[in-house]
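Visitor: One predicted model, sequence on top.
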Amino acid sequence: MAKTIIKNGLLIDGKGGEPKEGSVVVVEDDRIVFIGNETNYTQTGDEVIVDAQGGTIMPGIIDSHVHMMMEFAPIADRLARPFSFMYYQAAKYLENTLHAGITSVRDALGTDLGVKKAVEEGLIAGPRLQLSINALTITGGHGDGYTVSGNTVDLMPSGYPGMPDGKCDGVEEVRKKTREMLRAGAEVIKVHATGGVLSATDHPEFTQFSLEELKVIVEESLFRKGVKVMAHAQGAEGIKNAVKAGIHSIEHGIFLDDEAIELMKENGTFLVPTLLAPVAVLETAKDVGMPETAVVKSKEVIEHHMASIAKAHKAGVKIAMGTDAGVMKHGTNLRELGLMADIGMSPMETIVASTKTAAECLGWEDKVGTLEQDKLADIIIVKGNPLEDIYSLADNNTVQVVIKNGKVEKNTLV
């Protein structure tokens with residue numbers, strides 16, 4: 001296979017250092033085989049040239065919290081769709097995500113092993129997937145679709161082949177349910193350690209699962225060659241329980257207090273802010289039929305959320321970019337970088353959170369997240385210099401070229 005040379009662009013390698021002019025990235029098959037000053041690479045003349053045209057060459061973006069099988073829709077619409085229709089929708093969501101410059105994602109519930117296999121075998125276009133299968137939740141907790149009418153209307157279907165139901169109570173049920181998720185192909189275990197904005201019968205500050213139950217989830221996961229646990233955790237008590245139990249990443253972190261932040265620093269726990277989620281709830285509530293309870297709770301938490309993430313960043317907690325895409329439209333993910341900048345992160349810090357740190361959160365730092373020799377060729381080219389206008393990345397037209405595994409998936413430069 002001919003080599004590809006990417007040239008004529010500002011290079012941001014994802015490590016946080018100064019951008020470089022005059023560098024080239026050389027790709028062969030699915031790997032980066034050279035990165036450095038153009039004068040140090042000898043061309044054979046057989047290479048395919050990708051001209052960045054003065055744009056910026058960056059690592060593919062990693063979203064650490066998505067739901068690829070859904071986009072929020074009114075209950076009536078969801079009830080009117082045949083079961084298999086969601087897979088065809090997901091194919092478009094995956095493509096939109098990839099074309100936004102996101103080459104890897106961690107799916108935080110709802111996507112099964114068949115979807116991952118379809119992407120890996122090239123049947124559909126999409127980012128590299130790390131699966132949680134389904135989230136563990138207590139009866140009556142975030143993830144239990146029971147409504148005050150007495151009917152159950154789950155946000156995502158479960159209980160079908162390859163997608164175990166996530167409800168479990170008590171240490172032994174939790175242990176068995178963790179094993180079921182691992183059996184179904186979970187590469188990370190997702191647990192709801194608190195209530196949430198979108199659940200009808202609880203509140204973000206409600207603590208869910210005991211410390212003992214959370215420890216069992218972590219224990220069972222570690223037995224499977226070090227599988228990590230991610231926790232939907234919004235209230236301070238639930239966050240602290242999750243960190244004490246050894247959970248790898250805190251998702252959302254709306255009501256962080258000083259003790260929780262200190263515990264996260266001591267344990268090296270990642271924080272995945274998803275600042276876009278409550279913003280999207282308020283923006284799209286009327287159009288997509290968000291329940292009034294979700295609107296009320298989003299209004300209540302949005303300022304707390306931003307303040308908590310700002311405090312955690314200032315304290316030095318490791319932040320990995322994640323959006324909760326599915327609550328909002330897939331492909332709008334990179335708005336998150338602008339929101340992270342709004343709470344005090346520098347443009348470069350938001351990029352590192354979306355590349356290097358996100359790769360570390362997923363345990364994939366040996367293959368993606370930075371532009372380095374021998375790593376997978378996940379590369380994007382964007383218009384201009386995002387360090388001068390990080391908000392420009394929210395426009396998908398800014399992302400002109402997307403390369404995943406050495407294959408060009410999008411190119412609007414030609």
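Guide: That came in fine, so what should we check first?

Visitor: pLDDT averaged over stretch 204-212, what's the number?
Guide: Taken as a whole, stretch 204-212 has an average pLDDT of 95.

Visitor: neighbouring contacts of that stretch?
Guide: 136-138, 141-142, 171, 174, 191-197, 202, 217, 234-238, 241, 244-245, 252, 254-255, 297, 301 (Cβ atoms under 8 Å, 6 or more residues apart in numbering). For the C-beta atoms, the positions are set from N, CA and C on the backbone; glycine is no exception.

Visitor: Buried residues in it, which are they?
Guide: 204-209 (16 or more other Cβ atoms under 10 Å).

Visitor: Buried only: go through the contacts of stretch 204-212 for me.
Guide: By 16+ other Cβ under 10 Å, those give 136-138, 141-142, 174, 191-197, 202, 217, 234-238, 241, 245, 252, 254-255, 297, 301 as buried.

Visitor: quick one: Val401 is in a helix?
Guide: No. The assignment for Val401, made by DSSP: H, G, I helix; E, B strand; the rest coil, is strand rather than a helix.

Visitor: In contact with Tyr239: list those residues for me.
Guide: Actually, residue 239 is Ile. It isn't Tyr. So Ile239 contacts 193-194, 231, 233, 250, 253, 255-256, 260, 264 (Cβ under 8 Å, 6+ apart).

Visitor: And those, which is closest to Leu337?
Guide: Gly253 (17.4 Å; Cβ to Cβ).

Visitor: Please give me every residue in contact with the closest one.
Guide: Contacts of Gly253 (Cβ under 8 Å, 6+ apart): 233-234, 239, 260, 271-273, 305, 308-309, 312.

Visitor: Next, format those residues as JSON lines and append distance to Leu98.
Guide: Converted to JSON lines, the contacts of Gly253 look like this (distance: Cβ to Cβ, whole Å):
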{"residue": "Ala233", "distance to Leu98": "29"}
{"residue": "Gln234", "distance to Leu98": "29"}
{"residue": "Ile239", "distance to Leu98": "32"}
{"residue": "Ala260", "distance to Leu98": "34"}
{"residue": "Leu271", "distance to Leu98": "25"}
{"residue": "Val272", "distance to Leu98": "20"}
{"residue": "Pro273", "distance to Leu98": "22"}
{"residue": "His305", "distance to Leu98": "28"}
{"residue": "Ser308", "distance to Leu98": "31"}
{"residue": "Ile309", "distance to Leu98": "27"}
{"residue": "Ala312", "distance to Leu98": "30"}
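
Visitor: Now tabulate those residues in a markdown table and tack on secondary structure, pLDDT and distance to Gly331.
Guide: Below are the contacts of Gly253 laid out as a markdown table (DSSP: H, G, I helix; E, B strand; the rest coil; pLDDT from 0 to 100; distance: Cβ to Cβ, whole Å):
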| residue | secondary structure | pLDDT | distance to Gly331 |
| --- | --- | --- | --- |
| Ala233 | strand | 98 | 27 |
| Gln234 | coil | 97 | 25 |
| Ile239 | helix | 98 | 30 |
| Ala260 | helix | 98 | 32 |
| Leu271 | strand | 98 | 24 |
| Val272 | strand | 98 | 19 |
| Pro273 | coil | 98 | 19 |
| His305 | helix | 97 | 23 |
| Ser308 | helix | 98 | 27 |
| Ile309 | helix | 98 | 23 |
| Ala312 | helix | 98 | 27 |
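
Visitor: ok, those vs Ile351, which is closest?
Guide: Nearest to Ile351 among the contacts of Gly253, with distances taken as Cβ to Cβ, is Pro273, at 14.9 Å.

Visitor: close enough to count as contact, that closest one and His252?
Guide: Yes. The pair Pro273 and His252 qualifies as a contact (Cβ atoms under 8 Å) at a distance of 7.2 Å.
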